[in-house]
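**Q** Predicted structure and sequence below. I'll ask about it afterward.
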Amino acid sequence: MTNFSLERLVPAHIQRFEPYYPSKPDPELMRAYGVEHLHRLNNNENALGPAPGPAAVVAGFPSDLAPVYPNGDCHYLRAALARKFGKHPDQFLVGNGSCEVISSVIKAFCEEGDNIVTADRTFAVYEWVAEFSGYEARLIPLRGYGFDSEAMLAAMDERTKILFVCNPNNPTGTYWDRATMEDFLERVAGRAVVVVDEAYFEYVDRPDFPDGMDLLERHPNVVVFRTFSKMYALAALRVGYLCGSAEVVDMVRRAHIVYSVNALAQAAAAAALEDDAGHIAATRRMVAEARALLEACFDDLGFEYVSGEGNYIMVRTPMPDTLLYRRLMKHGVMVRTMTGFRFPGWIRVSLVQLPAMRAFCEAFRSVFDGK
Ligand SMILES: *Cc1c(COP(=O)(O)O)cnc(C)c1O
């Protein structure tokens with residue numbers, strides 16, 4: 001006899017929560033679809049790979065460091081970030097990817113009955129962490145593919161602890177310009193924390209784009225998120241960070257697991273910050289060429305697409321996105337289906353080198369030929 005009852009032990013908000021199943025490893029997928037090669041266009045990875053500096057750190061990681069715990073609070077990496085951005089090291093908190101930092105911010109600020117406000121079609125992790133932690137996520141519909149600042153302000157109440165703004169937005173590539181952001185922050189007036197997720201900051205080259213690192217100097221409730229997963233091509237190592245006032249960061253650190261960032265990740269990330277201008281310029285060039293190619297391909301087919309900032313583009317087709325995914329996989333091309341982002345019928349394609357983009361266009365056209 002056992003009295004073990006999941007129903008009794010597991011809180012209702014966990015029982016309700018629908019788990020997210022990541023895709024299978026590439027070798028399993030290649031076997032399943034009978035292909036020898038896979039173009040990974042599903043995760044907005046930087047296909048150029050890391051710059052030579054961080055690549056050398058990864059290749060040369062000494063095995064005698066493997067048994068040694070990493071520095072528990074990323075001492076040298078925070079010092080490198082502070083130097084690069086002209087801040088104090090205590091203004092940074094580094095996590096196992098910025099996903100971990102999202103989790104720590106929600107843990108630090110929310111308690112039962114609180115809510116967060118974000119968009120309905122954006123990076124889903126804000127919503128997921130809130131919901132599996134038992135807090136309400138108020139999801140404001142996008143307006144013209146962008147975050148709706150008015151509706152977000154209207155959705156705030158005295159239990160709103162955090163507003164998440166993805167700038168530029170994944171998956172639509174829209175962004176708030178400096179005036180929109182400043183107006184929003186004025187009107188939030190410090191009533192809640194504003195997280196500005198700048199995962200794609202290094203891809204943006206727009207004079208009116210607001211740099212979160214400047215915003216947080218004038219707005220102590222602003223917390224900026226950045227990551228080494230995208231531009232810096234270190235996604236496998238899982239390292240992201242937040243920057244805010246030392247007082248805010250001190251609070252978030254209390255809810256953050258120490259030792260969650262491994263030694264190799266810390267060293268490679270610090271190396272990635274050095275002399276990054278060439279790597280960023282080369283990556284932006286690759287993305288611009290890829291974007292032009294894909295826009296021409298979609299124009300040619302007469303398909304609607306959304307193309308903005310970041311290293312990705314979204315396209316709507318007459319075929320269900322999950323079916324299109326499988327058809328493209330048979331050509332060795334992996335894209336992101338968008339039904340899970342509440343964009344049914346759309347796919348998102350990462351922008352990489354031209355040979356892979358041409359392979360995508362060829363496969364994409366062949367799927368729609370004769371339809
Ligand atoms: C990819 C991405 C992240 C980064 O996640 P990591 O955990 O740092 O890999 C964060 N926010 C957005 C909007 C992203 O697209």
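**A** Yep, that arrived.

**Q** Touching, residue 173 and residue 312? I think so.
**A** Yes: if you go by Cβ atoms under 8 Å, residue 173 and residue 312 touch, sitting 6.8 Å apart. For the C-beta atoms, the positions are set from N, CA and C on the backbone; glycine is no exception.

**Q** the more surrounded of those two?
**A** Comparing residue 173 with residue 312 by other Cβ atoms under 10 Å, the one with more neighbours is residue 312, at 30 against 23.

**Q** near the ligand, which residues of the stretch 1-150 of the chain?
**A** Contacts of the stretch 1-150 of the chain with the ligand, taken as Cβ under 6 Å from any ligand atom, map to 97-99, 123.

**Q** who wins for neighbours among those residues?
**A** Using other Cβ under 10 Å as the neighbour test, these are led by residue 98, with 26 neighbours.

**Q** what's the neighbour count on the spatially closest residue to it that is not a sequence neighbour?
**A** The spatially closest residue to residue 98, leaving aside those adjacent along the chain, is residue 240, at 2.9 Å (Cβ to Cβ, 6 or more residues apart in numbering). Counted with other Cβ under 10 Å, residues neighbouring residue 240 total 27.

**Q** same question, the one 3 residues further on
**A** Other residues near residue 243 come to 25 when the count uses other Cβ under 10 Å.

**Q** Could you pull up phi and psi at the closest residue to it other than its chain neighbours?
**A** Spatial nearest neighbour of residue 243, excluding adjacent residues (Cβ to Cβ, 6+ apart): residue 224 at 4.8 Å. Residue 224 adopts backbone torsions of phi -100, psi 130, taken as degrees, to the nearest 10.

**Q** Could you check how far residue 20 is from the ligand?
**A** From residue 20 across to the ligand, the span is 13 Å (Cβ to the nearest ligand atom, to the nearest Å).

**Q** Tell me the gap between the helix or strand harbouring residue 290 and the middle of its chain.
**A** According to DSSP states H and E, residue 290 maps onto helix 277-301. Distance of helix 277-301 from the chain centroid (Cα atoms, centre = their mean, to the nearest Å) equals 19 Å.

**Q** which helices and strands does that helix pack with?
**A** Packing partners of helix 277-301 (3 or more Cβ pairs under 8 Å, 6 or more residues apart in numbering; DSSP states H and E): strand 305-306, strand 312-316, helix 354-368.

**Q** 6 Å instead, please
**A** Contact analysis of helix 277-301 by 3 or more Cβ pairs under 6 Å, 6 or more residues apart in numbering; DSSP states H and E lists helix 354-368 as its packing neighbours.

**Q** So what's the residue count around the residue nearest to residue 243?
**A** Neighbour count for residue 224, taken as other Cβ under 10 Å: 24.
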